[in-house]
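1. I would like the atomic coordinates for the input below:
(one chain, ligands or ions: 1)
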Amino acid sequence: MSSNESGSDRDEEVDTIPPPPENIELPVHLPTSEIWEHSFVAGLLKRIFAASLVGESDSQYNRAAAAADSFQKSLNVKISYDEAVQMCNLAQKSLMRQKMIVRLKDNQLPLTVVGDIHSNIIHLRRIFGTLGWPGEGNNYLFLGDYVDRGSQGVETMCLLLALQYRYPTRVHILRGNHEEANTTLGYGFYDECRSKFPQDNQGHLIWRHFIDVFGCLPAMAIISEKIVCMHGGLSPYMDRIEDLDQIERPCSVPAYGILCDTVWSDPDPDVTGWRLSKRWVSFAFGGDVIEDFCKRNNFDMIIRAHQITRPMFRWGYRWFTNGRLVTIFSSTNYQNNNNNAAVASISTKLRIHYVTFRCRMWDEWQVDNVLASDTC
Ligand SMILES: [Mn+2]
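-> Next up, the predicted model:
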């Protein structure tokens, strides 16, 4: 595969939300040896798959609420404190069976790579409804940033953890910079836990459980030895990929170093080499760094998430360095930006096809009138 070749694939646009499967029996397409059967996990998945949408039609954003987008709507599913605790406990064990770097083989293709979700569980379900429910023949790799900046981080996290538990060879979830105590304290997930579980100290305790899970998440995936995926980007401290494998989990994301950069750094077309990041954490790196890294490690390309910039609003993804790196962002209407969103689908022949999900407000708003957000 050459990365330019994959860039020329015809893109597909999707602007409908498929209904949840009518038969909410979970798919049994896979051999039973690949399914970790657990009645609690299966029950939770069925409930989330079958849940209806509820709109906040009284809001001042009536028009948007009527649109079939995530904006001002939520998924009607209630997860109890005990259920969330149980899911976290199971997830930790499941995640710790994997290494810090997940190595996906040819028999784990086709694979859909998904970028930032940020608590937008409705859009997450829309992705599954369009590209196939997990366990039905399509595999998934998530690049982190599941929580914060939205209202259903608990539900999003429980859905992803349940899927990873049930289909451990078919669903993989990596760590983003928001899967960390400090970030969740500042961007909404901690407050969401407190408001959803107000009794006693349950909100704080459930947040602690999720933080323990975050500490177990792997930080990088390598697909067929050719495509490397992470949330943020490269690190000047990482000579060889294997350096990341040396970090012991559970762990927090430190203020500097390989793991910090893997979840925080960004490519920058105006930079040569390394420069301190405008985020005040980690670095920005240039195209020369990307080329050098791919050559040294024999990779074709890098797929990462972590950013939504104005040029990405139309298609949800953006190329750097002649297609050697691509950024994907997978949540529509992020922070009311009316942006479209994309996922990258990788075929069994390692050809990449981008699917853009249309934000319902896209046609009605002029992109020039809204502020670009550069931080995720
Ligand atoms: Mn991020």
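
2. end-to-end on stretch 174-189?
-> 18 Å (Cα to Cα, to the nearest Å).

3. average pLDDT for that stretch?
-> On average, the pLDDT along stretch 174-189 is 97.

4. now it, how far from the centre of its chain.
-> 13 Å (Cα atoms, centre = their mean, to the nearest Å).

5. Please identify the buried residues of that stretch?
-> Buried residues in stretch 174-189, counted by 16 or more other Cβ atoms under 10 Å: 174-181, 183-184, 187-189. Every C-beta, even on glycine, is put in place using the N, C-alpha and C of the backbone.

6. Quick check: the farthest pair among these?
-> Leu174 and Gly188 (20.4 Å; Cβ to Cβ).

7. need the contact list for the residue of the chain found nearest the ion.
-> Nearest residue of the chain to the ion (Cβ to the ion) works out as His306 at 3.9 Å. By Cβ atoms under 8 Å, 6 or more residues apart in numbering, the residues touching His306 are 115-116, 143-145, 176-177, 231-233, 263-264, 266, 327, 376.

8. Now do stretch 234-243, average pLDDT.
-> On average, stretch 234-243 scores 92.

9. picking up where we left off before, report the lowest-confidence entry in the contacts of His306.
-> Cys376 (42).

10. re earlier: what is the nearest of the buried residues of stretch 174-189 to Val289?
-> The nearest member of the buried residues of stretch 174-189 to Val289, counting by Cβ to Cβ, is Asn177 at 19.2 Å.

11. surely that closest one meets Thr183?
-> Yes. Using Cβ atoms under 8 Å, Asn177 is in contact with Thr183, at 5.8 Å.

12. so of the contacts of His306, which ones are in helices?
-> Among those, DSSP state H puts Val263, Trp264 in helices.

13. so how many other residues sit close to the closest residue to Leu325 other than its chain neighbours?
-> The shortest distance from Leu325 to any non-neighbouring residue, by Cβ to Cβ, 6 or more residues apart in numbering, is to Ile302 (4.4 Å). Around Ile302 there are 22 other residues, counting by other Cβ atoms under 10 Å.

14. The helix or strand harbouring Ile302 pairs with which strands, parallel or anti?
-> With elements taken from DSSP states H and E, the one containing Ile302 is strand 301-304. The pairing partners recorded for strand 301-304 under DSSP bridges are strand 227-230 (parallel), strand 325-328 (parallel).

15. what does the last one contact?
-> Spelled out, that is strand 325-328. Taking Cβ under 8 Å, 6+ apart as the rule, strand 325-328 contacts 3, 113-115, 143, 267, 290, 301-307, 312, 316-320, 342-344, 352, 354.

16. can you rerun that using 6 Å?
-> 115, 267, 290, 302-305, 307, 317-319, 342, 344 (Cβ atoms under 6 Å, 6 or more residues apart in numbering).

17. Are any of those residues buried, and if so which?
-> Using 16+ other Cβ under 10 Å, the buried ones in those are Gly115, Pro267, Ile290, Ile302, Ile303, Arg304, Ala305, Gln307, Tyr317, Arg318, Ala342, Ala344.

18. now those residues in TSV, with distance to Ser74?
-> Listed next are those as TSV, based on distance: Cβ to Cβ, whole Å:
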residue	distance to Ser74
Gly115	21
Pro267	34
Ile290	39
Ile302	34
Ile303	29
Arg304	29
Ala305	23
Gln307	26
Tyr317	26
Arg318	29
Ala342	23
Ala344	27
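
19. biggest separation within those residues, which pair?
-> Spanning the widest gap among the buried ones among the contacts of strand 325-328 are Ile290 and Ala342, at 19.8 Å by Cβ to Cβ.

20. Let me see the ranges of the helices in the stretch 51-200 of the chain.
-> For the stretch 51-200 of the chain, helices defined by DSSP state H, counting those that start in this stretch occupy the ranges 62-66, 81-96, 121-131, 153-166, 181-187, 189-196.

21. The fifth one near the ion at all?
-> So the one you mean is helix 181-187. No. Using Cβ under 5 Å from the ion, we find that helix 181-187 stays clear of the ion, coming within 8.5 Å at best.

22. what residues does that helix touch?
-> With Cβ under 6 Å, 6+ apart as the criterion, helix 181-187 contacts Asp148, Arg149, Asn177, Tyr190, Ile211.

23. Of the residues you listed, which pair is most distant in space?
-> Farthest apart among the contacts of helix 181-187 - using Cβ to Cβ - are Arg149 and Ile211, which lie 17.4 Å from each other.

24. The stretch 101-250 of the chain against the ion: which residues are in contact?
-> Within reach of the ion by Cβ under 5 Å from the ion, the stretch 101-250 of the chain has these residues: Asp145, Gly176, Asn177.

25. re earlier: going through the contacts of His306, which ones are buried?
-> Using 16+ other Cβ under 10 Å, the buried members of the contacts of His306 are 115-116, 143-145, 176-177, 231-233, 263-264, 266, 327, 376.

26. hang on, the earlier thing: can you redo the helices of the stretch 51-200 of the chain as CSV with distance to Trp207?
-> Putting these into CSV (distance: least, Cβ to Cβ, whole Å) gives the following:
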stretch, distance to Trp207
helix 62-66, 29
helix 81-96, 10
helix 121-131, 18
helix 153-166, 9
helix 181-187, 7
helix 189-196, 4
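
27. Just name the most buried of those.
-> Highest mean neighbour count of the helices of the stretch 51-200 of the chain: helix 153-166, a mean of 25 (counted as mean count of other Cβ atoms under 10 Å).

28. so what does it touch, helix or strand wise?
-> Packed against helix 153-166 by the contact rule (3 or more Cβ pairs under 6 Å, 6 or more residues apart in numbering; DSSP states H and E) you find helix 39-50, helix 81-96, strand 171-173, helix 189-196.
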